[in-house]
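**Student:** kindly generate the corresponding structure for this input.
(2 chains)
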Protein chains: 2
Amino acid sequence: MTFSAQQMRFWSPEVRELEPYVPGEQPKIQNLLKLNTNENPYPPSPHVVDAVQEALLHQADLLRLYPDPDASGLKQAIAEQQGIETSHVFVGNGSDEVLAHIFKAFFIQDEPVLYADITYSFYPVYSQFFGLKTKQVPLNERFEIDIADYQQPNGGIIITNPNAPTSIALELTQIEQLLIQHPDRVVVIDEAYVDFGAESAVSLVAQYDNLVVCQTTSKSRSLAGLRVGYAIAQPHLIAALETVKNSFNSYPVDRFAIVAATASFQDQDYFVEQCQKVIASRDLLIAQLTALGFDVLPSKANFVFATHPKHDAKHLAAQLRMDGIIVRHFNKPRIDQYLRITVGTDIQNQRLVDALKRL
Amino acid sequence: MTFSAQQMRFWSPEVRELEPYVPGEQPKIQNLLKLNTNENPYPPSPHVVDAVQEALLHQADLLRLYPDPDASGLKQAIAEQQGIETSHVFVGNGSDEVLAHIFKAFFIQDEPVLYADITYSFYPVYSQFFGLKTKQVPLNERFEIDIADYQQPNGGIIITNPNAPTSIALELTQIEQLLIQHPDRVVVIDEAYVDFGAESAVSLVAQYDNLVVCQTTSKSRSLAGLRVGYAIAQPHLIAALETVKNSFNSYPVDRFAIVAATASFQDQDYFVEQCQKVIASRDLLIAQLTALGFDVLPSKANFVFATHPKHDAKHLAAQLRMDGIIVRHFNKPRIDQYLRITVGTDIQNQRLVDALKRL
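**Tutor:** Presented below is the predicted three-dimensional model:
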């Protein structure tokens, strides 16, 4: 929709310049195989449903009351699952909101915030939203983050690990190097996909006063529909996030989300089992795609990033779409010949592989 | 908690200056009578519980998928209830988030945003958060908004109607005057409490291209625990809000909240009935407080604002607290001798009145 200059005069000048994030398509058509937004193919823990059921039976009246603005029960469940202190946990309305608060809390500085040229495409949007200076650091020719490239003046660093859409993980020793090299800056590790095989930096939080780790329940906990993300850091950094949150929206996590996410963190067995299933399916899918002639980057995530030397990626995505399968194609420099494919169940992945064989 | 300069160096300089909003207390103690945060004493429509129950039974698997980022089903239910077009509706994670987006979308201008000196205390916080110029316009000596005082250069105007914590409403003709007097600026009417007896400005939206009305499900729909707020305006203003939202957090309303709020908007009879009960209880409470010697402002909200010529307000609040009753006292100029008391059920209000009689 376009509007007249007469209508646009009401917009704040800086909002007229904003280029919003474009989320992956959420089609309303049935029977489409959605391998485009890195959702988990398995449902959440049955304990999640039980917990909401229980809340409906015994606490429906409480919906009239504001939720706990600190979501302390949920923070406690996260802390117990992670083996850390509750005072090291911040929660928000999905990790997108947590990341927005992180950009505001730590990155408004004189020097530019650094992130990879190919990474989560919301980072440039947050930067523009908060008026931040930024500098994109190119991945190397193998699409890896080379931490040596980050040795330059900066107002903070954010790294997705494993990176998206490339799926490649950094090792913890490299992250530790970054933390040591930038003792006066906050280094944020966005671990949306960490549970599918990468090493989490949470184990470094107690040691480094400049580390913020961000995680989400949307991927490995199958709770994308619930909107719960969290950050783990030392209390002086958590306090900055609370200050930002309480200057924007005091009650971002609703009563159902608190109850449901808490139940998820209390069911460790289910969590581990589902992650292992996704990892096994991913490795099978990589083998199958490789057999079809794809080059697939080494994935530690619940998606793969693949290119085929003989088939145009955009064209492939369009053809798959006609077959009822959606994958994500980014019309961007360096990666326009790649497809980002979410790992489904083995049956779903087979359907994808069969469709690719026919093409 | 205080932190060392060494620790504070990680905070963005502007975040070090933020003075966050302080929400009303949400005590975890049982049996306290909470008349401090303007929640509804009645539960939400039973259809809300049914709808979530239904979602749990038949769509629990869908929790693994992101919600509709546009929440179009919910927007449609709001539009139908309000008798407007869906394209005139924006939804967010509580009206606090919607208001934050409003400040960003419309108020970053060369001139200051205007709001009352005594009004919702989140407005100065949003203004600081987004670095806005502001000018507070004093209420008149009867604690009323006088729209003549707003005839000055401005970058936008926001009015709570009925105002909080004063409970006094503006008439629609006065709001229309404001809209006509400021044709090049956005005028926001924050109607958190409008359903308890004031006139809504939604009826003016079709006619005025500079009007944004903000409402919430937290008060009149007994869904404070759910976090759903919304704005109503012409599409060129809604588009600005969507741009801001998609530059901050694409999926702010979760699947449970969408389902539950939709059911609430579809149960008009229950909604009207509960509002009428609260209005009747309020009028009785005002009569009882007046009989005890209180001066009570004329309320169109689900709370009253009262002062007693012979009793210090802060002291009264402390004594009520010892009796297990929480009301809100603001330690601020002009209103430090007032108590803001949420309207409860008749039984709850009687408990308050009895406690006050004893004091």
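**Student:** need the per-residue pLDDT for A:Ile158.
**Tutor:** Note for A:Ile158: predicted pLDDT of 98.
**Student:** disregarding flanking residues, what is the spatial nearest neighbour of it?
**Tutor:** Of all residues beyond its chain neighbours, the one nearest A:Ile158 is A:Val188 (4.2 Å), with distances taken as C-beta to C-beta, 6 or more residues apart in numbering or on different chains. All C-beta spots, glycine's among them, are computed from the backbone N, C-alpha and C.
**Student:** which ones are touching the one you found?
**Tutor:** Applying C-beta atoms under 8 Å, 6 or more residues apart in numbering or on different chains, one finds that A:Val188 lies in contact with A:Leu99, A:Ile102, A:Phe106, A:Gly156, A:Ile157, A:Ile158, A:Ile159, A:Val212, A:Val213, A:Cys214.
**Student:** I figured the third one hits A:Ile238, correct?
**Tutor:** The one in question is A:Phe106. No. Because the distance of 11.7 Å does not satisfy C-beta atoms under 8 Å, A:Phe106 is recorded as not touching A:Ile238.
**Student:** out of the contacts of A:Val188, which is most surrounded?
**Tutor:** Highest neighbour count within the contacts of A:Val188, by other C-beta atoms under 10 Å in any protein chain shown: A:Val212, with 29 neighbours.
**Student:** got the domain ranges for chain A?
**Tutor:** Chain A breaks down into these structural domains: A:5-44+A:269-358, A:48-267 (assignment by automatic domain parsing).
**Student:** what about the residue nearest to A:Gln266 when sequence neighbours are not counted, distance to A:Ser95?
**Tutor:** What sits nearest to A:Gln266 in space, not counting adjacent residues and going by C-beta to C-beta, 6+ apart, is A:Ala77, at 5.7 Å. Counting by C-beta to C-beta, to the nearest Å, the gap between A:Ala77 and A:Ser95 amounts to 17 Å.
**Student:** compare those two (neighbour count), which wins?
**Tutor:** Using other C-beta under 10 Å, the more surrounded residue of A:Ala77 and A:Ser95 is A:Ser95, with 27 against 20.
**Student:** report all helices and strands that the one helix or strand A:Thr262 maps to contacts.
**Tutor:** With secondary structure defined by DSSP states H and E, A:Thr262 is part of helix A:255-265. Contact here means 3 or more C-beta pairs under 8 Å, 6 or more residues apart in numbering or on different chains; DSSP states H and E; on that basis helix A:255-265 packs against helix A:46-59, helix A:72-82, helix B:255-265.
**Student:** in contact with the nearest residue to A:Phe256 once chain neighbours are set aside: list those residues for me.
**Tutor:** What sits nearest to A:Phe256 in space, not counting adjacent residues and going by C-beta to C-beta, 6+ apart, is B:Phe256, at 4.1 Å. Each residue near B:Phe256 by C-beta under 8 Å, 6+ apart is listed here: A:Val52, A:Leu226, A:Asp254, A:Phe256, A:Ala257, A:Ala260, B:Val52, B:Ala55, B:Leu226.
**Student:** then A:Leu226?
**Tutor:** Applying C-beta under 8 Å, 6+ apart, the residues contacting A:Leu226 are A:Thr217, A:Ser218, A:Phe256, A:Ala257, A:Ala260, A:Ala261, B:Leu63, B:Asp254, B:Arg255, B:Phe256.
**Student:** quick one: the longest helix along chain A to chain centroid distance?
**Tutor:** In chain A, with assignment by DSSP state H, the single longest helix is helix A:268-291. Using C-alpha atoms, centre = their mean, to the nearest Å, the mean C-alpha position of helix A:268-291 is found 18 Å from that of the whole chain.
**Student:** returning to what we had before: and after the host helix or strand of the residue nearest to A:Ile158, which helix or strand comes next?
**Tutor:** Secondary-structure assignment from DSSP H and E places A:Val188 in strand A:187-190. On the C-terminal side of strand A:187-190, the nearest following helix or strand under DSSP H and E is strand A:211-216.
**Student:** after that next one comes which helix or strand?
**Tutor:** Toward the C-terminus from strand A:211-216 - assigned by DSSP H and E - lies strand A:229-232.
**Student:** list the contacts of the following helix or strand past that following strand.
**Tutor:** From strand A:229-232 onward toward the C-terminus, using DSSP H and E, the following helix or strand is helix A:235-245. Around helix A:235-245, the neighbours that count as contacts under C-beta under 8 Å, 6+ apart are A:87-90, A:92, A:98, A:101-102, A:104-106, A:186, A:209, A:212, A:231, A:233, A:252, B:1, B:3-4, B:7-8, B:10-12, B:15, B:18, B:20, B:129.
**Student:** OK, contacts around A:Val343?
**Tutor:** A:Leu35, A:Pro41, A:Val278, A:Ser281, A:Arg282, A:Leu285, A:Asn302, A:Phe303, A:Val304, A:Asn349.
**Student:** pLDDT score assigned to it?
**Tutor:** Spelled out, the predicted local distance difference test score at A:Val343 is 98.
**Student:** that one and A:Ala301, how far apart?
**Tutor:** Remark: distance between A:Val343 and A:Ala301 (C-beta to C-beta) = 8 Å.
**Student:** any shared contact partners between the two?
**Tutor:** Taking C-beta under 8 Å, 6+ apart as the contact criterion, the common neighbours of A:Val343 and A:Ala301 are A:Arg282.
**Student:** nearest the geometric middle of chain A, what residue?
**Tutor:** A:Ala192 (3.6 Å; C-alpha atoms, centre = their mean).
**Student:** show the contacting residues for it.
**Tutor:** Contacts were defined as C-beta under 8 Å, 6+ apart; by that measure A:Ala192 touches A:Ser95, A:Tyr120, A:Thr160, A:Ala164, A:Cys214, A:Gln215, A:Thr216, A:Ser218, A:Lys219.
**Student:** against chain B, how distant is it?
**Tutor:** Note on A:Ala192: its distance to chain B, by C-beta to the nearest C-beta, to the nearest Å, is 13 Å.
**Student:** mind listing the strands for the stretch 51-200 of chain A?
**Tutor:** Listed in chain order, the strands found in the stretch 51-200 of chain A under DSSP state E, counting those that start in this stretch are A:89-92, A:113-116, A:134-137, A:157-160, A:187-190.
**Student:** could you say which of these is packed most deeply?
**Tutor:** Among the strands of the stretch 51-200 of chain A, strand A:187-190 has the highest mean neighbour count (mean count of other C-beta atoms under 10 Å in any protein chain shown), at a mean of 28.
**Student:** only alpha carbons, please: show that one as CSV.
**Tutor:** These are the backbone C-alpha positions of strand A:187-190, laid out as CSV (Å, rounded to 0.1, in the frame of the first residue of the first chain):
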residue,chain,number,x,y,z
VAL,A,187,29.7,-9.6,23.1
VAL,A,188,26.3,-11.1,22.4
ILE,A,189,26.0,-14.7,21.3
ASP,A,190,22.6,-15.3,19.7
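**Student:** that strand pairs with which strands?
**Tutor:** Partner strands and pairing direction for strand A:187-190 (DSSP bridges) are strand A:157-160 (parallel), strand A:211-216 (parallel).
**Student:** neighbouring strands for the host helix or strand of A:Val327, and are they parallel or not?
**Tutor:** Here A:Val327 is covered by strand A:325-327, with elements defined by DSSP H and E. Using DSSP bridges, the strands paired with strand A:325-327 in its sheet are strand A:33-35 (parallel).
**Student:** check the offset of the strand it pairs with from the chain's centre.
**Tutor:** Its chain's C-alpha centre lies 18 Å from the corresponding centre of strand A:33-35 when counted by C-alpha atoms, centre = their mean.
**Student:** same check on stretch A:99-118?
**Tutor:** The gap between where stretch A:99-118 is centred and where its chain is centred comes out at 16 Å by C-alpha atoms, centre = their mean.
**Student:** can you pull out the helices in the stretch 1-150 of chain A?
**Tutor:** Across the stretch 1-150 of chain A, reading from the start of the chain, the helices by DSSP state H, counting those that start in this stretch fall at A:5-8, A:13-16, A:46-59, A:72-82, A:94-106, A:123-129.
**Student:** redo those as TSV? Include mean pLDDT.
**Tutor:** As requested, those are exported to TSV (pLDDT from 0 to 100):
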stretch	mean pLDDT
helix A:5-8	92
helix A:13-16	93
helix A:46-59	94
helix A:72-82	98
helix A:94-106	98
helix A:123-129	97
